[in-house]
Structures are given as structure tokens and as C-alpha cells.
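Q: Structure for the following, please:
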Amino acid sequence: MLDIKFLRENPDVVKENIRKKFQDSKLVLVDEVIELDKKSRAAQQEADSLRANRNKFSKQIGALMAQGKKDEAQELKNKVTEQAEKLQKLQEEEVKLQEEITKRMMVIPNIIDPSVPIGKDDSENVEIEKFGEPVVPDFEVPYHTDIMEKFNGIDLDSARSVAGNGFYYLMGDIARLHSAVISYARDFMIDRGFTYCVPPFMIRSNVVTGVMSFAEMDAMMYKIEGEDLYLIGTSEHSMIGKFIDTMNKEEDLPYTYTSYSPCFRKEKGAHGIEERGVYRIHQFEKQEMIVVCKPEDSKMWFDKLWKNTVDLFRSLDIPVRTLECCSGDLADLKVKSIDVEAWSPRQKKYFEVGSCSNLGDAQARRLKIRVKGKNGKYFAHTLNNTVVAPPRMLIAFLENNLNADGSVSIPAALRPYMGGKEFIK
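A: Here you go, the predicted structure:
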């Protein structure tokens with residue numbers, strides 16, 4: 001959410017930002033906020049004046065009563081009563097106006113970084129850099145669920161009977177590989193100085209609206225019926241929520257966490273054939289990283305975070321590339337975002353395995369995550385990035401480590417988590 005003062009003083013900048021995100025229907029919101037803000041400030045000024053009068057009259061009434069001027073004192077009392085009723089109405093009007101302002105401010109997109117490429121959707125995202133040499137083997141690479149089934153490692157039919165489409169059973173070496181990747185990612189991030197955390201897997205509605213836009217909330221979140229609780233779509237939601245309504249010491253920043261959680265997502269919409277199997281599902285597990293830092297440090301941390309993911313995938317012999325999200329592909333709270341994509345030898349192209357985002361002070365402003373520094377108080381900046389998210393990551397792992405005889409090589413870094421195995425067969 002933007003600072004109301006910034007919008008008030010820079011309406012044209014806010015409107016241009018909306019145009020860059022191809023959300024022209026929201027342009028009217030800027031003028032509506034400005035008008036509502038004028039009314040709110042006028043009501044507040046009038047209310048402040050009435051409060052000042054009330055204090056002044058109270059003193060005068062006391063003086064008149066002391067002088068025995070009861071009639072004059074009563075006249076002032078009548079004025080105080082009359083103004084008290086008016087003050088009550090003004091206070092109610094202020095609350096309603098603030099609610100209307102907040103409702104509009106919550107859907108006006110954050111100001112994107114000047115470096116973000118302008119484009120309508122993900123088809124206009126821009127490749128930045130490739131890491132590792134993409135290889136296409138001289139044998140056919142089966143679809144990922146076919147590879148898993150040869151190891152008796154997945155059961156989609158039973159999961160469909162138990163929970164419906166978008167769920168799975170992982171078993172045997174495939175299930176072990178899944179857990180090994182999560183454990184390796186956890187230790188990888190701990191070794192880089194991040195604090196490990198397992199957060200709540202449910203959060204309240206005020207946290208949900210603090211960490212994401214309404215559009216994301218509708219498309220992703222599962223609501224717990226009869227309770228003010230939602231299943232998290234990523235541990236970022238809980239981890240940023242950890243700091244709700246806090247005043248943090250500047251010298252304690254940055255906070256750097258790597259968090260594990262199951263993730264639950266509606267995944268609305270139709271999906272193509274490449275997204276069947278375990279590519280796009282309702283339940284998965286993920287190792288995440290989040291940072292809460294000073295505003296001047298957020299750019300540096302953004303670069304550190306996506307590089308962590310690149311380094312992890314390269315340590316497992318998986319070629320990756322980074323892709324900068326264009327303006328139209330950025331969620332409303334994001335300032336800048338980079339996707340990490342892994343090479344698929346079967347498809348002969350890259351596909352998304354993680355996303356790194358800088359949200360500026362948008363989440364902090366909504367959740368009141370404040371910092372007390374030597375130069376005063378301010379809102380922190382928040383960032384998040386996927387370390388690894390199996391089973392999608394397993395697709396890249398299995399395809400890139402598959403051998404002609406159907407076995408899968410285990411890179412040296414992962415062997416301690418697989419009981420020393422060099423292959424699964």
C-alpha cells in the first residue's frame with residue numbers, strides 16, 4: 001500500500017505507474033482517493049477545532065461557576081452539548097472516509113522499480129542470464145510422472161480417489177528424494193547465515209490482506225470454514241506476519257530467515273498438458289527465504305536472494321536461467337521480481353522453479369512493521385524468495401540426472417541425505 005502523502009503529492013506518478021502495469025481501470029481510484037482525503041482532512045480539522053473549543057469552554061464554565069454566573073455557565077454548557085453531538089458525527093464521518101480511502105489504496109499497485117521492463121504479461125518477461133550448459137541427451141526423456149512410476153514412486157490415482165485432482169502420493173526413493181532436497185535446501189541456507197524456522201501453517205485474515213493483494217488472495221487461499229483462518233500458500237505469509245505491529249530496532253536488522261512449510265493453493269484456471277502430474281498442484285512443500293531490512297539495503301538483499309537459488313540448483317547439476325518479470329506480470333505489492341527457471345531436457349526449454357520478490361515497504365505499511373532508527377521511525381522493506389519447491393523441483397532434478405538405463409544419478413551434495421546412494425534404480 002502506498003503512502004497517502006506520496007499519492008497526494010504525486011498523483012501523476014501513481015497514474016503513470018498504473019498505466020505501466022496495464023491496469024487503466026484503476027486510474028479513477030487515484031482521483032477518488034484524493035477527493036476522499038480532502039474530505040477526511042477537512043472533517044479532522046473541524047473536529048480538532050471543536051475539541052479545542054470544548055477545552056476552552058470547560059475552563060470558562062468553571063470560572064463562571066466560581067463567580068456565581070450560573071446562567072452564563074449554563075449557556076456555555078448548552079454549546080458544549082451541541083458541539084459534542086456535532087463532534088460525534090464528524091468522528092463517525094472520519095472513520096467512514098478512512099475506510100473508503102483504505103479500500104481504494106489497498107488495490108492501487110505499488111510503484112515499480114525503474115529497472116522493471118514494461119510489458120503486458122509473462123510472455124514479455126526478459127531473460128537476464130543463464131547458468132550452466134543446457135544438455136539434451138541422445139535418449140528420450142520420459143514425462144516426469146512416467147519416470148516416477150518406474151520407481152513405484154508416485155500414485156496419482158489413489159490420491160485422486162482420496163482428495164481429488166491436484167494431489168499425489170509420493171513413495172519409496174522418490175519420496176526420500178523429495179525429503180532429501182528439502183533437508184539439503186534447509187542446511188544450504190543455514191550455512192549462508194539464515195535462521196531456520198517452522199512457522200504456523202494457518203494465518204488470520206488481517207495477515208492475509210497484509211501480505212498479498214485481494215486478487216492473489218482470491219486465486220490462492222483456502223479459507224477454514226467457520227474460523228478466521230486461512231491455509232498458507234507459502235511460508236512467506238506466516239514469516240512476514242511474524243512482525244505484524246512491531247517496532248524493531250534498526251541495529252537488529254536485517255532479519256534473515258529460511259522457513260519450511262507445506263503450501264496450499266487453489267490454482268484456479270485451466271492448465272495445459274505440461275502442467276499435469278505434479279507441476280501445478282494444490283498441496284506441496286517448500287523451503288523459503290525472507291528478509292526484513294532497511295530500505296537502503298533491499299536492492300542488495302534482492303540480488304543475494306535470487307543468487308542463493310541459482311547456486312543451490314547449480315550445486316545439484318541443474319542448469320538454470322534468471323528471468324525478470326515485466327510490469328504487467330508483477331503482483332500489485334511487488335517493486336521488482338526475478339524468476340529462476342530450470343532447464344527441462346525433455347521439453348528443451350526452461351520452466352519456473354522459484355520466484356524472488358522485493359516488495360519495498362508495501363507489506364510493512366499494511367502490517368505496521370516499523371523500525372526505530374537514529375533518524376526517526378520508518379517502515380521496513382520485505383523480500384522473499386523460493387529456495388526450493390519440490391515436487392516441481394523434482395521434475396528438473398529427475399530430467400537432468402536421468403541416465404540412459406533409467407537410473408537417476410545423485411549429485412555428491414545430496415548423497416548424505418540419501419543414505420550415501422550415488423544412484424536410484
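Q: The stretch 301-425 of the chain: helices as residue ranges?
A: 362-367, 392-401 (DSSP state H, counting those that start in this stretch).
Q: Export those as JSON lines, with columns for mean neighbour count and mean pLDDT.
A: Placement of C-beta: from N, CA and C, glycine included. Rendered in JSON lines, the data for the helices of the stretch 301-425 of the chain read as follows (neighbours: other CB atoms under 10 Å; pLDDT from 0 to 100):
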{"stretch": "helix 362-367", "mean neighbour count": "25", "mean pLDDT": "96"}
{"stretch": "helix 392-401", "mean neighbour count": "24", "mean pLDDT": "95"}
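Q: Turn these into TSV, columns for distance to T256.
A: Below are the helices of the stretch 301-425 of the chain laid out as TSV (distance: least, CB to CB, whole Å):
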stretch	distance to T256
helix 362-367	16
helix 392-401	22
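Q: on contacts alone, who are the packing partners of the longest helix anywhere in the chain?
A: In the chain, taking DSSP state H as the definition, the longest helix is helix 27-66. In terms of contacts (3 or more CB pairs under 8 Å, 6 or more residues apart in numbering; DSSP states H and E), helix 27-66 is packed against helix 4-9, helix 11-20, helix 70-105.
Q: And the helices in the stretch 101-250 of the chain, which stretches?
A: 144-150, 156-162, 172-191, 205-211, 214-220, 235-241.
Q: Please identify the deepest-packed of these.
A: helix 235-241 (a mean of 26; mean count of other CB atoms under 10 Å).
Q: Which other helices and strands does that one contact?
A: strand 202-203, helix 205-211, strand 255-264, strand 283-293, helix 362-367, strand 381-388.
Q: Quick one: mean pLDDT for stretch 203-210?
A: Stretch 203-210 shows a mean pLDDT of 95.
Q: Distance from that stretch to the middle of the chain?
A: In terms of CA atoms, centre = their mean, to the nearest Å, the gap separating the centre of stretch 203-210 from the centre of its chain is 11 Å.
Q: just stretch 281-294 next, same as before
A: The answer for stretch 281-294 is 9 Å, by CA atoms, centre = their mean.
Q: Now that stretch - C-alpha only, PDB.
A: Only the C-alpha atoms of stretch 281-294 are listed here, as PDB (Å, rounded to 0.1, in the frame of the first residue of the first chain):
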ATOM      1  CA  ILE A 281      -0.900 -28.900  -7.600                       C
ATOM      2  CA  HIS A 282      -3.000 -27.900  -4.600                       C
ATOM      3  CA  GLN A 283      -0.500 -29.100  -1.900                       C
ATOM      4  CA  PHE A 284       3.300 -29.100  -1.900                       C
ATOM      5  CA  GLU A 285       6.200 -28.400   0.400                       C
ATOM      6  CA  LYS A 286       8.700 -25.600   0.100                       C
ATOM      7  CA  GLN A 287      11.800 -24.100   1.600                       C
ATOM      8  CA  GLU A 288      11.600 -20.300   1.600                       C
ATOM      9  CA  MET A 289      13.800 -17.400   2.400                       C
ATOM     10  CA  ILE A 290      12.600 -14.000   3.700                       C
ATOM     11  CA  VAL A 291      14.400 -10.800   4.700                       C
ATOM     12  CA  VAL A 292      13.200  -7.800   6.700                       C
ATOM     13  CA  CYS A 293      15.700  -5.000   6.200                       C
ATOM     14  CA  LYS A 294      16.400  -1.200   6.000                       C
END
